[in-house]
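[1] Structure for the following, please:
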Amino acid sequence: MQGGEKLKNNLVKLRAKHDLTQDKLAELLKVSRQTIISIEKERYTPSLNLAFKLSHLFNCEIKEIFFYKEE
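    Take a look at the predicted model:
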């Protein structure tokens with residue numbers, strides 16, 4: 001990543017669309033709620049494995065969840 005780019009995500013919107021709480025999503029993915037919070041607040045970049053789990057769970061492509069945006 002270059003200096004002016006940041007990994008963004010649509011996790012909050014997808015979670016709401018699928019009527020999932022942070023706790024329930026964390027349980028389904030076998031991660032902590034803090035992990036979900038950190039991803040949503042863009043403080044943590046998930047592993048590729050976790051990104052694939054999210055895309056499978058939401059039945060979409062990874063690029064529909066995560067994307068780069070120049071600041």
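
[2] need the strands for the protein, in chain order.
    5-9, 66-70 (DSSP state E).

[3] TSV for those strands, including mean pLDDT?
    Output for those, formatted as TSV (pLDDT from 0 to 100):
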stretch	mean pLDDT
strand 5-9	85
strand 66-70	87
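
[4] Export those as JSON lines, with columns for distance to Ser32 and mean neighbour count.
    From N, CA and C alone the C-beta is placed, and that goes for glycine too. Below are the strands of the chain laid out as JSON lines (distance: least, C-beta to C-beta, whole Å; neighbours: other C-beta atoms under 10 Å):
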{"stretch": "strand 5-9", "distance to Ser32": "17", "mean neighbour count": "14"}
{"stretch": "strand 66-70", "distance to Ser32": "19", "mean neighbour count": "12"}
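
[5] okay if I get these as JSON lines plus distance to Cys60?
    Conversion of these to JSON lines gives the following (distance: least, C-beta to C-beta, whole Å):
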{"stretch": "strand 5-9", "distance to Cys60": "12"}
{"stretch": "strand 66-70", "distance to Cys60": "11"}
